[in-house]
Structure formats: structure tokens, C-alpha cells
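Trainee: have a look at this prediction, sequence included:
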Amino acid sequence: MSRSRLNLLFAGLPCASALIASTASAQPVGQFLLDRYFPEGTPGYYVEPGVTVQSRMRPEYDAPGIRAGSFIIRPRAIEGIGYNDNVLGSINDKKSSLVINSQASLTANSDWGRNSLGASISVEDSRYPSVNSQNTTVWNGSLGGTYDIGRDQVQLGYTHLSGYVTPTSVDARRYITRPAPYDLDNAHIGYYANFGRFALLPSFDYTQLRFSPADLGTGAQVSQSYQNRNVYRGAVQGRYEFAPQRNAVLEVRTTGTDYVSSTAMQGHNSLGYAVLVGLDYASSAVWRFRGLIGYEIRDFQSSAFKQRTSPVGEANVIWTPTGLTTVTGRVARTIEDSSDPAVAGYDYTSTTISIDHEYLRNVILSGYVGYQRADYIGSPASQTFYSLGVGAAWLIDRNFRLGLNYSLINQTGDTGGSVTSPVRGGSYLQNITLLNLRFQL
């Protein structure tokens, strides 16, 4: 199975960022989580296209992995220490702390000429000695594979993620002052039908979200089960290659959301339809553009929520002005479900521009700026996140890498004067610095 064939599946174009961005950004529950936690290159899911400064092969510094028959196993561990000057993302109750971040992962991928199979397991533990109520341990396990049928291909993937809604998450309720756990399960099936210049790609995703009670820190807990839901997403994408590495794309998708644990949320059940057009376009080794833009209509079960229509889109631009520098721009606009029973949902916009520069063969400098905004439907409330960061990575040898990252986040919550707003008002600043050492085989 070739990487180029997997690269055709960009219906769910990710906004995953470099480490300096992913450790600091706030994301909605379920949005882009698979892109962050599902290891790049595992078959059955999306694979990042093109060659960038970050993904370029460096044989003298890349870990070879451990061969076990026709599989290559790659163990990795990262130990980091840093400082967060506003762990809670609070306006009036700023609490700073040392940060101890520990990560470990194990991936295994087949090395077959046709078909593929891969699996992974990873864990990330974050400790705040001065604010230990914010300690979290996130883990996930994944399995994916592809099966070639002539020129066609079947793709299957499954992943489980145990994560947390934190006080700094998008759409976190007012009472979320401690990490509130949830479990996410996703199953994906896709088919790539090759008809020469024309290709047809039907796919289906099932996502299950289950929430545990939120600890208020006073000995009391608040049930979050009303948010439990199943999300079904089907899509059919047609692609026409009008020139080598240049494709016109048309996609039709439908998304159904079914709340399963609370009659109070039954009215939030919805069915959405979207039509998108776009390009997968590589003009040269310098530019790579991949994007979809269209319109989505979402109908709710309850008559109390009006039909929602909104432009939606996803895009990724890679600019490589020289062999030593890569500029990546990512933008997405989607309609998301809200954790507030009184709110139908929110329009979510995310934009990131990152720069990676190979200062030396084994020294990579990085920087990014980011923007996120959530506009709550039927409410004057909104949240806006501005972020920026810089980082440096020293590739010591094949087994060790040393990294230093800094991120600044500015969040503004506008309640619109509503006492029942789903978000906190005011704004806060958060500075995060992290030094990490990575070991890999």
C-alpha cells in the first residue's frame, strides 16, 4: 500500500500542530483529538502528506526501530519539565506550578509490499505539584489496517481515548475547575475505488463519547452523563485528476448526533448535511494546497432550536521556499455540539500558521501563531483564543532528542451580559515553558 493512496483521504483534514502548539492549544471535545493522539503513519487513518522540515527523513538521526519479522516496532519515551504561570486559566485566581510531563508510546507497523497493519498504545501524564488537583493521565490505544483489492483499497481503523475536559478547554462549563474525565471511541471504515483519473472514496465513522462525573473540589460531584452521545458520519468523496498531483474534489457528507443518556438533551439530537468542493493541488515541490469549502445545514429534533446553516471548510497549505524552511497554514470551520443544555451548539473556527527551519542538520527551530473562536448559537456568548509559541529541537543522535518550547495563550470569554452564559467572562493570559528529553529506539 502506497502512502500516496492514503493521502487521498483528506475528508477529515486535521489541524494537528507541532508539539509546541499541541501542548498549549484548547480544543473542543472530540474535535481533532484523533489527529493528535493517533500516531502519524498508522494505516487505516489519515497520513500527513508531503515532505516538510519536521517529517523529512534523516537517516543519521532517525531511530531505526526494532524489527520483529515483517513488523517494525518503535518505542518512545519523553520526559519534560517546565512551568505554567496560570494552570487554571483563571482571571482572579491565578495559580502557577512546576509542570512534569511524561509520555510513552509503542507503535508496531507492518512492512509488507501490499496491505498493511498497525497498532499503537500511548500514555501522557501531566503533574502540577503546586496545583495537584489539575493532574491528568491521558491514554489511548489504536489499531488500523488496509487491504488492497486490485487497484482499490479497503481501510479500517479503531481507536480509544481516555481524556479530560479541563478548565481551559473550549466549551468547558463554568463549574469545571478540575479535569473531568471522558472516554472516546472511534471506528472508521473507508474504501478507495480507482477508476483511473477518477476516484470514488466512500467512508463511515462512528464516534462514541461517554462522560464521567465532574469533581467540584468540595467533595461534591456533578453528573456529566447528559453529554453522552453517539455521532455517525458518512461521506462520499469524488476526485478527478486533471493533471499529475492536481485533483478537483467534490464531497457530500452527513452527520447524525444521538444523545443517549438524558431526556433533557434529546432535543439536541441533530442531522446535518454538507456539500463541499475543493482542490488537492501540488504545483511543485514548493507549494502544496489541500482544501474543502462548502455549506452545512443542521436540523435539530427540538423545535426550540432553529435550523442551523453555516459555511464550513478545511484547508492545509504547505509552502517550502527552501529545502531548509517549511511554512504550514491550517484553517477549519465546523459546527460543534455544546455541553450546555440551553445552547444548540457553536460555530468553531481554528487557524494555525507554523514555521519550521532547519538551522543545522540536527537543530530545528519552530514557531507558530494560532487563533480559535467559538460562537455559541442562540447566545451572545463567545470564546476567543490567541496563541503563539517558539521552540527548538536538538537531535543528539538516533536515540535522543532535546527540546525547549514556550507558548503564550490569551483567552477572552464574552458572556454578552448573560448570567446563564455557557462560558466564563473576562480574559486571561497563560505562559507555558517546557524542556523535554525524548528517547526512542
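Mentor: Yes, it's here.
Trainee: drop to CA atoms for contacts and neighbour counts, all remaining ones
Mentor: Noted.
Trainee: can you pull out the low-pLDDT segments for this structure?
Mentor: 1-51, 55, 262-264, 417-422 (pLDDT under 70).
Trainee: residue ranges for the helices of it, please.
Mentor: Secondary structure of the chain (DSSP state H): helices at 3-6, 19-22, 33-37.
Trainee: can you pull the contacts of the nearest residue to residue 308 once chain neighbours are set aside?
Mentor: Spatial nearest neighbour of residue 308, chain neighbours left out: residue 298 (5.0 Å); criterion: CA to CA, 6 or more residues apart in numbering. If you count contacts by CA atoms under 8 Å, 6 or more residues apart in numbering, residue 298 has them with 270, 271, 272, 273, 307, 308, 309.
Trainee: among those residues, name the buried ones.
Mentor: 270, 271, 272, 273, 308 (16 or more other CA atoms under 10 Å).
Trainee: redo the residues you listed as JSON lines? Include distance to residue 225.
Mentor: Converted to JSON lines, the buried ones among the contacts of residue 298 look like this (distance: CA to CA, whole Å):
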{"residue": "270", "distance to residue 225": "18"}
{"residue": "271", "distance to residue 225": "21"}
{"residue": "272", "distance to residue 225": "23"}
{"residue": "273", "distance to residue 225": "27"}
{"residue": "308", "distance to residue 225": "25"}
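Trainee: inside strands: which ones of those residues?
Mentor: 270, 271, 272, 273, 308 (DSSP state E).
Trainee: residue 304: how many residues sit nearby?
Mentor: 11 (other CA atoms under 10 Å).
Trainee: let me fix that: residue 329
Mentor: With other CA under 10 Å as criterion, residue 329 counts 20.
Trainee: mind listing what it touches?
Mentor: Per CA under 8 Å, 6+ apart, neighbours of residue 329: 316, 317, 318, 351, 352, 353, 354.
Trainee: by neighbour count, which of these wins?
Mentor: residue 318 (24 neighbours).
Trainee: how close does that one get to residue 223?
Mentor: 43 Å (CA to CA, to the nearest Å).
Trainee: how far out from the middle of the chain is stretch 340-358?
Mentor: 10 Å (CA atoms, centre = their mean, to the nearest Å).
Trainee: do the same with stretch 185-205
Mentor: 21 Å.
Trainee: quote the end-to-end distance of that stretch.
Mentor: Criterion CA to CA; first-to-last residue distance in stretch 185-205 is 10 Å.
Trainee: strands of the stretch 51-200 of the chain, start to end?
Mentor: 66-68, 71-84, 97-110, 116-127, 136-149, 152-165, 180-195, 198-211 (DSSP state E, counting those that start in this stretch).
Trainee: what comes into contact with the first one?
Mentor: Contacts made with strand 66-68 from outside it, assessed by CA under 8 Å, 6+ apart, are listed as 72, 73, 74, 441.
Trainee: so how many other residues sit close to the spatially closest residue to the third one that is not a sequence neighbour?
Mentor: It stands for residue 74. Nearest residue to residue 74, sequence neighbours excluded (CA to CA, 6+ apart): residue 65, at 4.8 Å. For residue 65, the neighbour count with other CA under 10 Å is 18.
Trainee: just the one 10 residues further on next, same as before
Mentor: In terms of burial, residue 75 registers 18 neighbours under the definition other CA under 10 Å.
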